[in-house]
Every structure is written in C-alpha cells, then in structure tokens.
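[1] Fold the following.
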Amino acid sequence: MTTKVKFTNTSRSPFFATVRQRVDGYFTDKAISPHANSAMWAKALFFLVGYAIFYGLILSNQFGPWTMLGLAVILGVFAACIGFNVSHDALHGAFSAHPWVNKLLGGSFYLLGANPYVWKITHNIVHHTFTNIPGHDEDIEVAPGLVRLDPNEKLQPWHRYQQWYTIPLYSLASLSWVFRKDYVKFFKSRIGHHDTAAHPRREHFKLFMSKGLYYVFFLILPFAVLSLAWWQILIGFIVMHLAEGLVLGLVFQLAHAVEGTTFPLPDEKGNMQEAWAIHQLHTTANFAPRSPLAAFICGGLNRQIEHHLFPKVCHIHYPAITAIVKDTAQEFGLPYLENRSFGSALYSHFRLLETLGRQ
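    Numbering: from 1, shown residues only. You can find the predicted model right below:
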C-alpha cells in the first residue's frame, strides 16, 4: 500500500476535544492518577504469580498426564490474561507515570512468547491509528485469503463457510505468534504504510534471544525434567497455546469485527472521511461492559471504545469514564457500539462472518 492515509478533517468535529476535556476533568476532580491504582497492582500480581505457580507445578513433575494437560490449559489462559492486564497497559505507557516501570512490565509480553517491540509497531502505531482500514490495519488480516473480513476483498467459494471455521482458527494465533508472526513482521519493510525497514541492532538481538529463551523454558527444559514422553510434552505445549490463542483471538476480534463496525476506505488521495476519534467510534465496539468478570479477565479490552480514545489511561479506570464517553458520543449524534454480553458479541461476530462470506 503506497498511498499514505491521512485524517485531514480533525478540526471539523469538537467531539474529541470535548470528551478529552471531560475525562481529564474527571481525574482532576477526583484527584486521582489516570495510571494504575492499588487494585490494578493487585490484579497484575495475581496473574503474574498465578502464571509462575502453574508453570512451577508443571515442572514439579508431581502429577499425572491428564492433570498436567489441565495445568497447561490454565497456564495458557493465564498467559493471555497477562497480555491483557499487564503487558497491554504497560506497552501503551498507561500502567505507570514512570517509563521504566512500563518498560519493565511490558517485558511480561515475553511470557507469551511474543515480542514487545514488534507489538508496539503493529498495535500501538498501526492498529490504533488505522483501525479497520483494509490494507493498513493488519490486525484484521486473520488469515488472508482464507478469512474475509474486508468487504472489498475478492469473495471465494470457501468464504461461504467461514463463520464455522474462523473461530477455531483463532486457537492458532498464539502458536503463529511464537513461531512465525514476530519474525515476519520484524523483517517486513513496511507494516501498512509504516516504514519498518531499519530496526535498532539491539532489537535484532532481543528478538532472537527472547525467542530462544522461550523455546528453552517451554520446550527444552520440560523435555529435560519431566518424566513424560516427548509427544506428551509436545501435546501439552500445543494445547497450552491453543487455549492462549483462542482467548487472545476472540477478545481482540469481538472489539472490531462485529455487526455495526465499519471497514472504511480512504479516497484516491488517501484522505479519510471522518476525523480520527469519530473513525474510532465507527470501527470499535464494547462487549459485556457491565460484567465484573469480563473487566477482570479482559483487562479493559471489553471496553475498546474507551481504550482506543484514551490508550494512555490505565484500564482500571475505564468503568468510571465509560459514561462520560457514551454520553458525549450521544450528545454529538455519534455511534456508540456495544454488545451487552460476551455471548451476544460472539453471535454478532458469527453473523458478520456469515454476511461477509456471501455476495
């Protein structure tokens, strides 16, 4: 994609200036920081310690194969929750006012077998700027050619059945991340239209070193200390990542690929028709906004509208600013998309896949 996308009409709508002033006013009036509070630190500690405990239980070699398999599933879910609740906020600079704290906690992304540097380019820069814009937002390219999320993509015969096979494909997301995605993204010259031809030398070292250590701790070390057959260990590793990938894939897709969200294209000059903040409202949706369990597990990603508008605000505050954002959007006559539950969002995603799979 050579045409550079531009949001040229940012001055036409005072929506973002208004909602930002109101959200800033909320933190000022309450005299609280937009970063992590004690509840957020407790939640981060819960997932990090839980991850360490389940990993230790597996390496203790004190359980039978079926129990070990169950522990592998739980470890995969905890890894995804670390990504949602710790890494994501830290890599956005939202966890702490101190950059070194964010950098340290952002390193928890390595526990997923993923690379923080590559993620900050593909997610923070590209996805958050060009949300749902085909050819620019690579987060909507689940499996190019196999899954059709871009209404402008050529329709293939197998797309008729994509609502049935796409969701199981999300299980492969984590395995792809560990063995393929980071390498491919790192060595691409461009992601969307963002130039990625030259990376700092230290990032080359970090990529290969971190991947190597992950393979050691999750493949070589278990082979060395566990009294299981090699194929049992391999199955456990795969199952762990299938659980992790399914959780990651579903949470991210339910925020941008449900009924009501759009996939807008720029004009021939690369100009978008809406201001950036309004574009976010058209391409993003919340799900289960009133569920304490969803808020705890998803790290605020069930409130993606608030996250996309205020990525520097820690997600622990999203429930408090949701009413501000929603009321302001309605005041300006703008959409505010939400599904009441995880189940309704999942069904909406299913129906969208079904719609896009037909002419």
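[2] residues contacting residue 341?
    287-288, 291 (Cβ atoms under 8 Å, 6 or more residues apart in numbering). Bear in mind the C-beta positions are built from the backbone N, C-alpha and C, glycine included.
[3] Now with 7 Å, please.
    For residue 341, the contact set (Cβ atoms under 7 Å, 6 or more residues apart in numbering) comprises residue 288.
[4] now residue 250
    Listed by Cβ under 7 Å, 6+ apart, the contact partners of residue 250 are residue 170.
[5] What distance do you get for it to residue 51?
    Counting by Cβ to Cβ, to the nearest Å, the gap from residue 250 to residue 51 is 20 Å.
[6] for residue 204, same thing?
    Counting by Cβ to Cβ - residue 204 and residue 51 are separated by 27 Å.
[7] higher neighbour count, those two?
    residue 51 (21 against 13; other Cβ atoms under 10 Å).
[8] Go ahead and confirm that one touches residue 112.
    No. Residue 51 lies out of contact with residue 112 (Cβ atoms under 7 Å); the separation is 9.9 Å.
[9] Now do the helices in the stretch 1-150 of the chain.
    Secondary structure of the stretch 1-150 of the chain (DSSP state H, counting those that start in this stretch): helices at 15-30, 38-59, 65-82, 88-91, 99-106, 116-119, 128-129.
[10] Least reliable of those helices by average pLDDT, please.
    Among the helices of the stretch 1-150 of the chain, helix 128-129 has the lowest mean pLDDT, at a mean of 90.
[11] now the helix or strand just after it: how far from the chain's centre is it?
    Per DSSP states H and E, the first helix or strand lying C-terminal to helix 128-129 is helix 162-169. How far helix 162-169 lies from its chain's middle: 19 Å, per Cα atoms, centre = their mean, to the nearest Å.
[12] Okay, buried residues for helix 162-169 please.
    162-163, 166-167, 169 (16 or more other Cβ atoms under 10 Å).
[13] Now distance to residue 337 too, for these, in JSON lines please.
    Below are the buried residues of helix 162-169 laid out as JSON lines (distance: Cβ to Cβ, whole Å):
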{"residue": "162", "distance to residue 337": "22"}
{"residue": "163", "distance to residue 337": "20"}
{"residue": "166", "distance to residue 337": "20"}
{"residue": "167", "distance to residue 337": "20"}
{"residue": "169", "distance to residue 337": "24"}
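[14] where does the protein dip in pLDDT?
    Where the chain drops to pLDDT under 70, the residues are 1-3, 9-12, 192.
[15] Report the central residue of it.
    residue 252 (4.9 Å; Cα atoms, centre = their mean).
[16] Help me confirm that that one is found in a helix?
    Yes. Assessed by DSSP: H, G, I helix; E, B strand; the rest coil, residue 252 belongs to a helix.
[17] how close does it sit to residue 46?
    Taking Cβ to Cβ, one finds residue 252 at 22 Å from residue 46.
[18] Can you say which two of the buried residues of helix 162-169 are spatially most distant?
    163 and 169 (11.5 Å; Cβ to Cβ).
[19] Backbone dihedrals for residue 142, both of them.
    Backbone torsions for residue 142, taken as degrees, to the nearest 10, come to phi -70, psi -50.
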